[in-house]
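Chemist: one predicted model, sequence on top.
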Amino acid sequence: MNIATKFKNLVTDKNSEAILLPVVHDAITGKIAENLGYKAVSVGGFAISGVIYGLPDVGLLSLTDMESVIKHIVTSVNIPVFADADGGYGNERNVAHTIKTYEKTGVASLFIEDQKHPKRCGHMNGKELITTEEMVLKIQSAVKARENPDFMICARTDAIAVEGFDNAIKRAKLFINAGADIIFIEAPETLEQLKKIPEIITEVPLLVNMLEGGKTPLCSRKQLEELRYKIIAYPVTTLFSAIKASQNSLKYLKENGETQLLIPNMIGFDEYKKLIKLEDYI
């Protein structure tokens, strides 16, 4: 079974629980998630911008920048990788090229969004949108460009912060009509909005973002599953945790000039060798 079909089966299985989808910022984090039993992982521009390039998520990365990182994560794991494709890196022609590039890279599915370029993180202020008509063309182009019909196209709208909740719903409905397989309404601002989205959008599976410190109320998997969300993404959990751990370790080293007391908070050398499957190469 190819990886796109594997992911589609996870998403469309009505008898299975909601998918916990951690965003992994590098290949080793992807391996950790796989070893812990996650069924899929995601890669996002927010994390890649910060970890690889030391930049904010404000539309500075190109398709080439993203693909060059994503390919290493894809080849390091044997579970589906759901990828951030921003706005498709241009107009509908660029979207078609992005779809083909990500498919060849081995991505299982992706999302494109309706922000104007340069875009920014969905939980930042000051976002601007392209027209609904332009986004519909992008979705149609994405659907037409995919080689594998099981390669699911997720459409994201950031309209809540720009045009209000009702227009976000209207956009989502039009995106479904254009062929979107998954809908992602970014940054609901209240629990009421979180509840209303799946009451109104019933045609396709729904993705929701749980961003610690973001605009959306944090809910448990059980709560979101009961609301009928199928994919629950965690875009900064591993990133912020890794940064905090590194900050604490480096601070301690600078202040104390030794690391012996840090060892209980570290992965062991033997455990690391097992994680990267060193024995396979010796």
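Modeler: Nice, thanks for sending it over.
Chemist: let me see the contact set for residue 111.
Modeler: Listed by CB atoms under 8 Å, 6 or more residues apart in numbering, the contact set of residue 111 reads 82, 83, 84, 85, 153, 154, 155, 156, 182, 184, 207. For glycine as for every other residue, the C-beta is placed from the backbone atoms N, C-alpha and C.
Chemist: now do the same for it: helix, strand or coil?
Modeler: strand (DSSP: H, G, I helix; E, B strand; the rest coil).
Chemist: give me the pLDDT for it.
Modeler: Listed pLDDT for residue 111 reads 97.
Chemist: out of everything not next to it in sequence, what's closest to it?
Modeler: residue 154 (3.7 Å; CB to CB, 6 or more residues apart in numbering).
Chemist: can you check residue 266 too?
Modeler: Using CB to CB, 6+ apart, the nearest residue to residue 266 is residue 249, at 8.0 Å.
Chemist: and the one you found, how many residues sit next to it?
Modeler: Using other CB atoms under 10 Å, residue 249 has 14 other residues around it.
Chemist: how much space is there between residue 181 and residue 18?
Modeler: As judged by CB to CB, to the nearest Å, residue 181 and residue 18 stand 17 Å apart.
Chemist: same check, this time on residue 247
Modeler: Counting by CB to CB - residue 247 and residue 18 are separated by 32 Å.
Chemist: go on, residue 164?
Modeler: 27 Å.
Chemist: these two - which one has more neighbours?
Modeler: With neighbours defined as other CB under 10 Å, residue 164 and residue 18 compare such that residue 18 has more, 19 against 11.
Chemist: hmm, back to that, got a list of contacts for the host helix or strand of the residue nearest to residue 111?
Modeler: In this structure, residue 154 sits in strand 152-157 according to DSSP states H and E. With CB under 8 Å, 6+ apart as the test, strand 152-157 has contacts from 4, 7-8, 11, 82, 99, 108-114, 122, 129, 135, 139, 142-143, 146, 168, 171-172, 175-176, 178-186, 207.
Chemist: list the contacts for residue 120?
Modeler: 56, 57, 58, 59, 126, 127.
Chemist: one more: residue 109?
Modeler: 4, 7-8, 11, 80, 82-83, 151-154, 181-182.
Chemist: burial of the residue nearest to residue 195 when sequence neighbours are not counted, as a residue count?
Modeler: Closest residue in space to residue 195, ignoring its immediate chain neighbours: residue 227 at 5.9 Å, by CB to CB, 6+ apart. Using other CB under 10 Å, residue 227 is surrounded by 18 other residues.
Chemist: where's the residue nearest to residue 266 relative to residue 263, distance?
Modeler: From residue 249 to residue 263 the distance is 11 Å (CB to CB).
Chemist: what does residue 3 give?
Modeler: 38 Å.
Chemist: with residue 156 instead?
Modeler: 42 Å.
Chemist: more neighbours: which of those two?
Modeler: residue 156 (27 against 8).
Chemist: how distant is the helix ranked longest in the chain from the center of its chain?
Modeler: Scanning the chain for the helix with the most residues, using DSSP state H, yields helix 237-256. Here helix 237-256 is found 24 Å from its chain centre; the criterion is CA atoms, centre = their mean, to the nearest Å.
Chemist: kindly report the same for stretch 156-174.
Modeler: That offset, for stretch 156-174, works out to 19 Å (CA atoms, centre = their mean).
Chemist: now that stretch: average pLDDT?
Modeler: 96.
Chemist: name the nearest residue to residue 46, ignoring sequence neighbours.
Modeler: residue 57 (4.1 Å).
Chemist: pLDDT value on that neighbour, please?
Modeler: 88.
Chemist: just the buried positions in whatever helix or strand comes next after the longest helix of the chain, please.
Modeler: With elements assigned by DSSP H and E, the helix or strand that comes after helix 237-256 is helix 269-275. Of the residues in helix 269-275, none count as buried by neighbour count, 16 or more other CB atoms under 10 Å.
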